[in-house]
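S.K.: can you look at this prediction? I've put the sequence above it.
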Amino acid sequence: MDLSTVHQGIHRRKRRKRVGRGPGSGHGKTATRGMKGQNSRSGATFPGPLFEGGQSPLARRVPKRGFNNAYHAFTFAVINVSDLDRRFAEGATVNPTTIREAGMAKGRYDGVKILGDGELTKKLTVAAHRFSKSAEQKITDAGGTIERIGLPTGKPKPRKRKPGTPKKRGDR
């Protein structure tokens with residue numbers, strides 16, 4: 001190697017590959033796709049990241065057992081005492097409706113839980129489904145009152161069998 005051949009084959013501005021422009025382009029009649037196979041055809045898509053080449057995928061090989069209680073669990077909008085102090089005026093009544101109107105609890109939830117993070121300087125009447133001990137202490141120390149609301153009913157239940165269908169395959 002000598003200095004006259006150091007930069008040979010290195011191009012600063014490489015031209016893009018113009019595919020599908022006939023044999024004169026240098027990329028042949030098949031436009032660099034090869035002769036046959038899935039990827040030579042139009043509309044061919046590569047399999048997704050979970051595809052394992054025809055082998056049974058991991059998500060189907062792993063046994064499905066157990067029970068997940070999250071389906072039946074209640075979801076709570078979590079509000080801190082400092083947020084109540086910032087958003088509500090002295091002597092206000094705070095309940096799930098006013099919390100939603102104030103823009104503090106967006107989305108779907110089953111109940112409201114008040115946590116004791118921060119300071120509360122205002123006297124508030126707070127109605128919620130759950131309270132932490134520190135939140136209760138801070139609200140009552142500020143001269144406010146606490147009202148517990150019962151949890152809502154009507155959670156989605158698991159789908160029931162249609163009448164007349166067997167419990168298991170072997171019961172027919």
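M.R.: Here it is on my side, so go on. Note that the coordinates shown come from a computational prediction; the quantities given were computed from them, not determined experimentally.

S.K.: now Gly116: how far from Gly43?
M.R.: Separation of Gly116 from Gly43 (CB to CB, to the nearest Å) stands at 59 Å. Backbone N, C-alpha and C define where each C-beta goes, glycine included.

S.K.: which parts of the helix ranked longest in the chain are buried?
M.R.: If you go by DSSP state H, the chain has its longest helix at helix 133-141. Residues of helix 133-141 classed as buried by neighbour count (16 or more other CB atoms under 10 Å): Ala135, Glu136, Lys138, Ile139.

S.K.: which pair in these spans the largest distance?
M.R.: Glu136 and Lys138 (7.5 Å; CB to CB).

S.K.: what do the two both touch?
M.R.: Common neighbours of Glu136 and Lys138 (criterion: CB atoms under 8 Å, 6 or more residues apart in numbering): Gly116.

S.K.: how far off centre is the longest helix of the chain?
M.R.: On the basis of CA atoms, centre = their mean, to the nearest Å, helix 133-141 sits 33 Å off its chain's mean C-alpha point.

S.K.: that helix packs against which elements?
M.R.: With contacts taken as 3 or more CB pairs under 8 Å, 6 or more residues apart in numbering; DSSP states H and E, helix 133-141 sits against helix 81-87, strand 111-115, strand 145-148.

S.K.: just the strands in the protein please.
M.R.: Counting by DSSP state E, the chain has strands at residues 76-80, 93-94, 111-115, 125-128, 130-131, 145-148.

S.K.: now those in TSV, with mean pLDDT, mean neighbour count and distance to Leu58?
M.R.: Shown next, in TSV, are the strands of the chain (pLDDT from 0 to 100; neighbours: other CB atoms under 10 Å; distance: least, CB to CB, whole Å):
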stretch	mean pLDDT	mean neighbour count	distance to Leu58
strand 76-80	94	19	34
strand 93-94	96	18	48
strand 111-115	94	21	37
strand 125-128	96	21	43
strand 130-131	95	18	39
strand 145-148	95	13	46
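
S.K.: mind putting those into TSV with distance to Met35?
M.R.: Listed next are the strands of the chain as TSV, based on distance: least, CB to CB, whole Å:
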stretch	distance to Met35
strand 76-80	61
strand 93-94	72
strand 111-115	64
strand 125-128	70
strand 130-131	68
strand 145-148	74
